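Engineer: For reference, the sequence and a predicted model appear below.
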Amino acid sequence: MRIGSMWGLAGPLICSIVALPTSAEEDGATIWGPDRASTVKAMKQVVRALGVRSCLYCHVKSEGRVDYKAETEHKEVARIMKRAFVDSLVARGDGELVLKEEGKTLRIRARHEPRGEDAGIYITMVEEPAGGEPGRTVESRVGLPGSGQLNCATCHAGSVHFLPQPGDE
């Protein structure tokens with residue numbers, strides 16, 4: 001599998017998540033909702049959360065119509081991010097994802113601190129280049145939403161790339 005990612009990566013994905021759904025069922029049930037109406041509502045929220053212009057960021061057109069069942073790299077990343085971060089942060093309080101690309105590995109960890117003065121989501125991304133070159137570590141804290149409900153917008157807040165990029169620092 002190749003992933004065109006949040007940081008402009010294109011590499012095979014390594015992750016501890018298994019048994020991800022591959023497409024919507026006939027009734028529209030997905031990891032995003034129990035039926036088509038719920039899934040569409042959730043997808044509109046994801047579009048806003050990522051700050052992308054349309055459903056075509058993850059989906060493709062076929063014969064002039066959006067093919068929601070076709071698999072794409074961005075759909076796979078969205079599923080994995082939801083499972084690794086949103087679902088895992090709620091259930092366990094932490095999540096981790098490892099992306100490999102030619103010449104480097106990215107390890108992204110998140111920890112959910114739901115209470116107190118330090119409440120928030122703490123994110124650490126470690127970039128490990130191959131060949132012994134020095135890597136970089138980016139740490140960030142994201143405040144919790146007023147509703148207390150975690151979703152894609154909690155971290156992304158309208159931007160696919162919400163962590164500092166090389167050269168931004």
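Structural biologist: Nice, I can see it. Residues are numbered from 1 along each chain as shown.
Engineer: how far away is residue 63 from residue 56?
Structural biologist: Going from residue 63 to residue 56 by Cβ to Cβ, to the nearest Å gives 15 Å. Using the backbone N, CA and C atoms, a C-beta is placed for each residue, glycine as well.
Engineer: now residue 150
Structural biologist: Using Cβ to Cβ, residue 150 is found at 26 Å from residue 56.
Engineer: who has more neighbours, the two?
Structural biologist: Just comparing residue 150 and residue 56: by other Cβ atoms under 10 Å the higher neighbour count belongs to residue 150, 20 against 13.
Engineer: which residues of the protein score low on pLDDT?
Structural biologist: 1-28, 101-102, 165-169 (pLDDT under 70).
Engineer: ok, which stretches of it are strands?
Structural biologist: For the chain, the strands defined by DSSP state E occupy 3-4, 10-11, 13-14, 60-62, 65-67, 94-101, 104-113, 120-129, 136-142.
Engineer: Skipping adjacent residues, who's closest to residue 154 in space?
Structural biologist: Distance criterion Cβ to Cβ, 6 or more residues apart in numbering; nearest residue to residue 154, sequence neighbours excluded, is residue 145 at 5.6 Å.
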